[in-house]
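Participant: generate coordinates for the sequence data below:
(chains A and B)
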Amino acid sequence: MSFITGVGLTAFGRHEGSSSLDLMSTAADLAISDAGLKRADIDGILCGYSTVAPHIMLATVFAEHFGIRPAYAHAVQVGGATGLAMTMLAHHLVESNVVRHVLVVAGENRLTGQSRDASILALAQVGHPDYEVPLGPTIPAYYGLVASRYMHEYGLTQEDLAEFAVLMRRHALMHPGAQFHDAITVADVMQSKPVALPLKLLDCCPVSDGGAAFVVSREPTGETGVRVRGCAQAHTHQHVTAAPALSEFGAEIAVARAKAASGVAMSDVRYAAVYDSFTITLAMLLEDLGLAGRGEAAAQVRAGHFGRDGTMPLNTHGGLLSYGHCGVGGAMAHLVETHLQMTGRAGSRQVRDASVALLHGDGGVLSSHVSLFLERTR
Amino acid sequence: MSGSKQALADWTTGAEAISYQSCSACGTPQYFRRRFCASCGAADPEQKYASGKGTVYATSLVCRAATPETRAHVPYNIVLVDTAEGFRMMAHGDSDLAIGDEVTARFVPFAGRLIPHFTRTTS
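Facilitator: Below is the predicted model of the structure:
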């Protein structure tokens, strides 16, 4: 068994003067304290990557900087799915007695450490260097392609997609650490600047500075145990040109494997934390995961289903779309928020019941998927 | 490159053509050049030229580009086209293309390169 014993999250937005290592250190400190542990208790480190400060050995760079000499350490890279992929690996490392307490950490000064163009350009390189990148696509364009096809097949409208941006912003308004604090409407989303149609500015997550961390341990260290019930991955392609049909996307495969690994049924799930780099990402993943019927997710948002007081509260911190996106740490914020909800520490955002949660991460262009079930044990 | 054979000149190397590979063992067409068939693993798939005909699978009109060279072209329509030969490719297309449109490729300059650009087929 493995447990998420502590979590740490910085505010997302501008952290002028903070390096990626600074943001990682801040989040790591918070997570270790939250677990009631000391640095010396940490014997494993898994970290993500920083596009601002790339390094071939980031985990040991961080370990030295932070003052830890772990028995196990390396970086993991699967784009937006990295945070949950690290959690899955930490779970298996702890279960197989390789280490006792794994620190999972990521942080990046992606907003202030480089220009927005540099960020967009770096991310566009997930495209094929010969067959895609010379055409001048951007990450929003890759997802814009997917959006156009998904809308065509299932009848979604741009107004439907806008609902997800509005929902995430409504949730972010309840979190002081979120990057955005102004309410938005569907009309605001529709009138926002076109980026890669059908996606407009408010359909896209921002670029942020921030850090997130958690500790995965063999035993609970506090009063409430948050146990990793089971997790699984699916990797169907890298480039959108080589993506399978929409009906074969990886989220469905990953969650089916995670259900088999954990014995959790979708009817058990009370809280959802789903990757939301763009509104289309969230709409598709909710439907792929079975949290909404095909083409029905937007109507469920309108009906309040995914709100704090709804039957399936979703990304109550505001998600990537409105809490912010600092790279690997971005989707880790989803797990931090889930942990706060499951341990009854989400304050004004607290939902009634977060006893079982489904988390899902996506990297590339719906290329890499990780599904994870968490359960409160006491 | 396909094995020891010289790769066919196409738009990725500056020529006005679209090339692809066809597996002589299993018949699967593939767009991204490799020394083997990604479907069955057989070596040296046959290199062929595509007709430039296809059907629009998806579109996204890029209005915000990330480099000065590409910014000079905005807005430009990125499209995925299912070709007559059975592989999918990314290209540019006219801004008014819709999913399902029958299209034909021509070649246009873009950001210092020659790239495929699809226009609705007129019969």
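Participant: list the contacts for the residue of chain B found nearest chain A?
Facilitator: As assessed by CB to the nearest CB, chain A sits closest to residue B:60 within chain B, at 3.0 Å. Just so you know, the C-beta spots here come from the backbone N, C-alpha and C atoms, and that holds for glycine as well. With contacts defined as CB atoms under 8 Å, 6 or more residues apart in numbering or on different chains, residue B:60 is in contact with A:137, A:140-145, A:147-148, A:196-199, B:77-79.
Participant: at 10 Å instead, please
Facilitator: A:137-138, A:140-149, A:195-199, A:240, B:76-80 (CB atoms under 10 Å, 6 or more residues apart in numbering or on different chains).
Participant: tell me the residues of the stretch 151-300 of chain A that contact chain B?
Facilitator: A:151-153, A:193-201, A:204, A:239-243, A:245-246 (CB under 10 Å from any CB of the partner chain).
Participant: try the stretch 1-150 of chain A
Facilitator: Residues of the stretch 1-150 of chain A found near chain B (CB under 10 Å from any CB) are A:115-124, A:127-150.
Participant: tell me if the lowest-mean-pLDDT helix or strand in chain B is near chain A.
Facilitator: Here the helix or strand of chain B ranked lowest by mean pLDDT, DSSP states H and E is helix B:68-71, holding a mean of 92. Yes: interface with chain A: helix B:68-71 contributes B:68-71 (CB under 10 Å from any CB).
Participant: give the ChimeraX command for selecting the buried subset of those.
Facilitator: Buried residues within the residues of helix B:68-71 next to chain A, by 16 or more other CB atoms under 10 Å in any protein chain shown, are selected in ChimeraX with:
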select /B:70
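Participant: how about the residues of helix B:68-71 next to chain A in TSV, adding distance to residue A:210?
Facilitator: Below are the residues of helix B:68-71 next to chain A laid out as TSV (distance: CB to CB, whole Å):
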residue	distance to residue A:210
B:68	29
B:69	31
B:70	28
B:71	28
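Participant: nearest to residue A:256, out of the residues of helix B:68-71 next to chain A: which one, please.
Facilitator: residue B:70 (39.4 Å; CB to CB).
Participant: do I have it right that the closest one meets residue B:62?
Facilitator: Yes: applying CB atoms under 10 Å, one finds residue B:70 in contact with residue B:62, separated by 7.9 Å.
Participant: ok so, going back, just give the nearest non-adjacent residue to the residue of chain B closest to chain A, would you?
Facilitator: residue A:144 (3.0 Å; CB to CB, 6 or more residues apart in numbering or on different chains).
Participant: phi, psi of the one you found?
Facilitator: When read as degrees, to the nearest 10, the backbone of residue A:144 gives phi -60, psi -40.
Participant: now do residue B:26
Facilitator: phi -110, psi -10.
Participant: ok, it - contacts?
Facilitator: Going by CB under 10 Å, 6+ apart, the list of residues near residue B:26 reads B:37, B:39-42, B:45.
Participant: farthest-apart pair in the residues you listed, please.
Facilitator: Maximum distance among the contacts of residue B:26 (CB to CB): 10.5 Å, for B:41 and B:45.
Participant: out of the two, name the residue with the larger neighbour count.
Facilitator: Between residue B:41 and residue B:45, counted using other CB atoms under 10 Å in any protein chain shown, the more crowded position is residue B:45 (27 against 10).
Participant: the residue of chain A found nearest chain B: how many residues sit nearby?
Facilitator: Taking CB to the nearest CB, chain B has its nearest neighbour within chain A at residue A:144, 3.0 Å off. For residue A:144, the neighbour count with other CB under 10 Å is 31.
Participant: partners of the residue sitting nearest the centre point of chain B in the sheet?
Facilitator: Geometric centre of chain B, nearest residue: residue B:89, 4.1 Å, by CA atoms, centre = their mean. Judged by DSSP bridges, the bridge partners of residue B:89 are residue B:81.
Participant: those strands in the stretch 151-300 of chain A, which residues are they?
Facilitator: For the stretch 151-300 of chain A, the strands defined by DSSP state E, counting those that start in this stretch cover A:194-197, A:199-200, A:209-217, A:226-235, A:271-274.
Participant: tell me the buried residues in the helix or strand bottoming out on mean pLDDT in chain A?
Facilitator: Least confident helix or strand of chain A, by mean pLDDT, DSSP H and E, is helix A:116-124 with a mean of 79. Of the residues in helix A:116-124, A:119-124 count as buried by neighbour count, 16+ other CB under 10 Å.
Participant: list of residues touching that helix?
Facilitator: Applying CB under 10 Å, 6+ apart, the external contacts of helix A:116-124 come out as A:51-52, A:54, A:79, A:108, A:110-111, A:113-115, A:132-133, A:136-142, A:195, A:206-207, A:277, A:325, A:327, B:64-68, B:70-71.
Participant: three-state assignment of the residue nearest to residue A:226 when sequence neighbours are not counted?
Facilitator: Nearest non-adjacent residue to residue A:226, counting by CB to CB, 6+ apart: residue A:4, 4.6 Å away. Following DSSP: H, G, I helix; E, B strand; the rest coil, the label given to residue A:4 is strand.
Participant: what bridges to residue A:4?
Facilitator: Assigned bridge partners for residue A:4, using DSSP bridges, are residue A:216.
Participant: hang on, it packs against residue A:339?
Facilitator: Yes: assessed by CB under 10 Å, residue A:4 is found in contact with residue A:339 at 5.5 Å.
Participant: out of those two, which sits in the busier spot?
Facilitator: Higher neighbour count among residue A:4 and residue A:339: residue A:4, with 29 against 26, using other CB under 10 Å.
Participant: pLDDT score for the more buried one?
Facilitator: pLDDT, residue A:4: 98.
Participant: next one: phi and psi at the residue of chain B closest to chain A?
Facilitator: Torsion angles, degrees, to the nearest 10, at residue B:60: phi -150, psi 120.
Participant: that one bridge partners, please.
Facilitator: The partner residues for residue B:60, given DSSP bridges, come to residue B:78.
Participant: from residue B:80, how far out is it?
Facilitator: Per CB to CB, to the nearest Å, residue B:60 is found 9 Å from residue B:80.
Participant: show me the common contact partners of the two, please.
Facilitator: Joint contacts of residue B:60 and residue B:80 (CB under 10 Å, 6+ apart) are A:145-146, A:148-149, A:240.
Participant: before we move on, the earlier item: shared neighbours of residue A:4 and residue A:339, which are they?
Facilitator: By CB under 10 Å, 6+ apart, the residues touching both residue A:4 and residue A:339 are A:31, A:34, A:214, A:226, A:374.
Participant: out of these, who's nearest residue A:42?
Facilitator: Distances from residue A:42 to these, taken by CB to CB, are shortest for residue A:31, at 9.5 Å.
Participant: wait, that closest one touches residue A:45, no?
Facilitator: No: using CB under 10 Å, residue A:31 makes no contact with residue A:45, being 11.6 Å away.
Participant: find the residues that touch each one of these two.
Facilitator: Common neighbours of residue A:31 and residue A:45 (CB under 10 Å, 6+ apart) are A:103-105.
Participant: of those residues, which belong to strands?
Facilitator: A:103-105 (DSSP state E).
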